[in-house]
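>>> This is the structure alone, sequence omitted:
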């Protein structure tokens with residue numbers, strides 16, 4: 001049962017309308033911030049009353065939205081009842097209101113009734129219900145299918161007037177996306193959790209569509225509530241890695257038409273459950289973990305799906321498409337065979353990981369400004385979704401020219417996939433991008449890159465011819481002060497991004513990232529940063545240039561020993577800015593050191609750029625020579641250059 005009297009850092013952020021990073025800053029910077037009453041060091045919990053009083057004194061406690069008020073009322077009611085049952089009743093109230101059958105239902109509960117009446121009489125009952133559903137999903141740890149992904153899955157399904165089924169409907173996003181796409185369609189769903197099932201059904205039925213959804217409660221694999229249901233479309237985002245899915249008790253289940261799933265293959269059980277609910281020719285689009293494409297225990301089922309042309313496509317989504325954000329997932333597109341097996345079945349493979357290094361982690365930002373400043377990033381999803389749909393439609397239409405697009409997608413014969421591993425990972429089948437330039441253009445590019453490399457090497461050589469260094473006359477340690485001490489003495493000030501009052505960057509400010517890596521280091525802001533707001537979690541140090549040289553600050557703040565003393569963490573160093581120390585030197589000496597620190601940073605940047613250019617140059621030549629686009633020059637005597 002959820003304790004209504006305690007809140008987490010995420011709850012505090014939601015109460016105050018800020019990010020969790022801001023809450024962490026409050027904890028560090030304000031000695032009077034409420035003390036945790038439980039939890040762990042990584043996930044502390046606080047007394048709600050103390051937190052609300054603290055926020056109220058500082059004017060950081062806005063009027064809670066209706067979804068927050070309803071969630072609190074639900075938690076209060078759940079103090080003496082079962083939380084899923086309370087939410088089930090709330091969902092029934094919303095559904096009754098939608099159908100015009102509410103009557104005096106809300107008055108039966110003196111705790112929740114008044115809040116529900118206010119919600120249902122407001123202008124935004126749908127948004128409030130969605131907020132309540134998201135809060136509950138977060139509390140029980142259910143992965144929510146993002147709306148853009150739900151819309152893509154519905155588009156791939158190419159819905160007609162047929163009905164839709166989601167056997168693991170969670171918070172209802174897939175049903176909502178499908179039911180809302182056309183008239184004459186009914187949605188069916190099943191969900192293990194009573195609260196989620198009731199709220200999801202109410203949410204779909206409360207949407208803009210005139211169609212309706214029927215969501216039942218139960219374990220879909222063990223206790224199918226729709227055993228005779230056959231639909232045109234199944235959309236599903238099943239739970240991953242659940243070893244307790246009933247493998248032993250379901251061994252002889254008639255749904256396993258493509259093979260009996262092992263205990264370690266719950267996702268292949270969900271695949272066959274979806275196929276069993278499809279009409280002949282019906283289509284299923286399912287979110288799958290990448291491991292399902294390669295695990296040896298699932299090889300025979302994968303092979304049978306291919307032989308019978310049940311598997312039509314495997315689409316690798318970019319990292320960040322679903323929670324957890326660092327793990328890429330796949331979409332499997334399946335169809336229930338409708339007659340004789342195709343003579344030569346084929347499969348579409350789409351590699352959404354192309355260009356990300358296939359590591360599952362987002363690439364570092366190329367523009368260092370984005371580490372410090374708030375900038376509107378371009379959303380890559382619309383372009384990705386458009387490319388997926390274009391590839392799928394060309395393939396599904398039987399376009400003879402739809403053989404693929406190098407570096408993006410490829411059509412492969414099923415028979416070529418039936419080897420000892422039956423690996424369905426798209427990256428293994430999508431051909432690398434082709435060279436689009438002529439041989440002459442490629443040769444010109446290679447010569448231009450070589451010239452740039454020579455110029456860069458000459459610049460590095462010139463920079464290394466600069467100042468020399470000599471042993472210090474004294475090994476006595478310098479007198480130092482922490483940034484906190486210097487700020488208190490008004491020698492400088494340090495500020496943090498993401499506060500109520502935006503921090504605007506000025507040229508000459510020293511910017512320190514909250515997470516320091518080899519690429520993310522303190523820098524001196526130039527005119528390009530001026531007037532940009534400081535990003536959440538980043539730190540800014542501002543001092544009079546006549547008292548503190550900014551490049552001197554950058555150098556001493558970047559020193560490994562200084563960072564180590566002022567940090568915590570392992571693979572990623574999190575800096576406690578106030579602990580960083582600065583040697584107390586006259587401005588003239590600071591400037592001498594600062595000039596050297598500036599040159600060292602310039603040297604580091606040059607070498608970094610040189611490394612990238614070298615990689616680009618060697619990659620271009622390797623591919624061009626290997627594919628016969630370029631060839632070595634003949635020297636006199638027959639030797640090649």
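Looks like it arrived, so ask away. Bear in mind that the values here come from a model prediction, so they are computed numbers and not experimental data.
>>> tell me the domain boundaries of the protein?
Split into domains by automatic domain parsing, the chain comes to 1-51, 141-346, 480-584.
>>> Count the residues that sit near residue 269.
25 (other C-beta atoms under 10 Å). Backbone N, C-alpha and C define where each C-beta goes, glycine included.
>>> re the thing from before, CSV please, covering the domains of the chain and showing mean pLDDT and distance to residue 68.
What follows is the domains of the chain, written out as CSV (pLDDT from 0 to 100; distance: least, C-beta to C-beta, whole Å):
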stretch, mean pLDDT, distance to residue 68
domain 1-51, 80, 7
domain 141-346, 90, 16
domain 480-584, 81, 19
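>>> where does residue 8 fall, phi/psi-wise?
phi -100, psi 180 (degrees, to the nearest 10).
>>> List the beta-bridge partners for it.
residue 45 (DSSP bridges).
>>> State the distance from it to residue 67.
Using C-beta to C-beta, to the nearest Å, residue 8 is found at 17 Å from residue 67.
>>> One more: residue 49?
21 Å.
>>> same thing with residue 501?
Distance from residue 501 to residue 67, by C-beta to C-beta: 27 Å.
>>> Look at the two and report which has more neighbours.
A side-by-side neighbour count of residue 501 and residue 67, using other C-beta under 10 Å, places residue 67 first with 20 against 6.
>>> Looks to me like the more buried one is in a strand.
No - according to DSSP: H, G, I helix; E, B strand; the rest coil, residue 67 belongs to no strand; its state is helix.
>>> List the residues that contact it.
When the contact criterion is C-beta atoms under 8 Å, 6 or more residues apart in numbering, the partners of residue 67 are 127-132, 134-135.
>>> Adding distance to residue 628, write the domains of the chain out as JSON lines.
Compiled in JSON lines, the domains of the chain are given as follows (distance: least, C-beta to C-beta, whole Å):
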{"stretch": "domain 1-51", "distance to residue 628": "53"}
{"stretch": "domain 141-346", "distance to residue 628": "29"}
{"stretch": "domain 480-584", "distance to residue 628": "37"}
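>>> looking at these, which is buried most?
domain 141-346 (a mean of 20; mean count of other C-beta atoms under 10 Å).
>>> Do I have it right that residue 322 meets residue 287?
Yes - Residue 322 is in contact with residue 287 according to C-beta atoms under 8 Å; the separation is 6.7 Å.
>>> any residues in contact with both of these two?
Common neighbours of residue 322 and residue 287, using C-beta under 8 Å, 6+ apart, are 145, 149, 237, 329.
>>> Residue 189: which of these is nearest?
Nearest to residue 189 out of the shared contacts of residue 322 and residue 287 is residue 237 (C-beta to C-beta; 11.7 Å).
>>> separation between that closest one and residue 331?
Taken as C-beta to C-beta, the spacing of residue 237 relative to residue 331 amounts to 10 Å.
>>> which neighbours do these two share?
Listed as contacting both residue 237 and residue 331 by C-beta under 8 Å, 6+ apart are 286-287.
>>> Straight-line length of stretch 496-508, end to end?
Start and end residues of stretch 496-508 are separated by 16 Å (C-alpha to C-alpha, to the nearest Å).
>>> just to revisit the earlier point, possible to save the shared contacts of residue 322 and residue 287 as JSON lines with distance to residue 477 and secondary structure?
Output for these, formatted as JSON lines (distance: C-beta to C-beta, whole Å; DSSP: H, G, I helix; E, B strand; the rest coil):
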{"residue": "145", "distance to residue 477": "57", "secondary structure": "coil"}
{"residue": "149", "distance to residue 477": "56", "secondary structure": "helix"}
{"residue": "237", "distance to residue 477": "59", "secondary structure": "coil"}
{"residue": "329", "distance to residue 477": "53", "secondary structure": "coil"}
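>>> Let me have these in CSV, extended by distance to residue 139.
Putting these into CSV (distance: C-beta to C-beta, whole Å) gives the following:
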residue, distance to residue 139
145, 17
149, 22
237, 19
329, 23
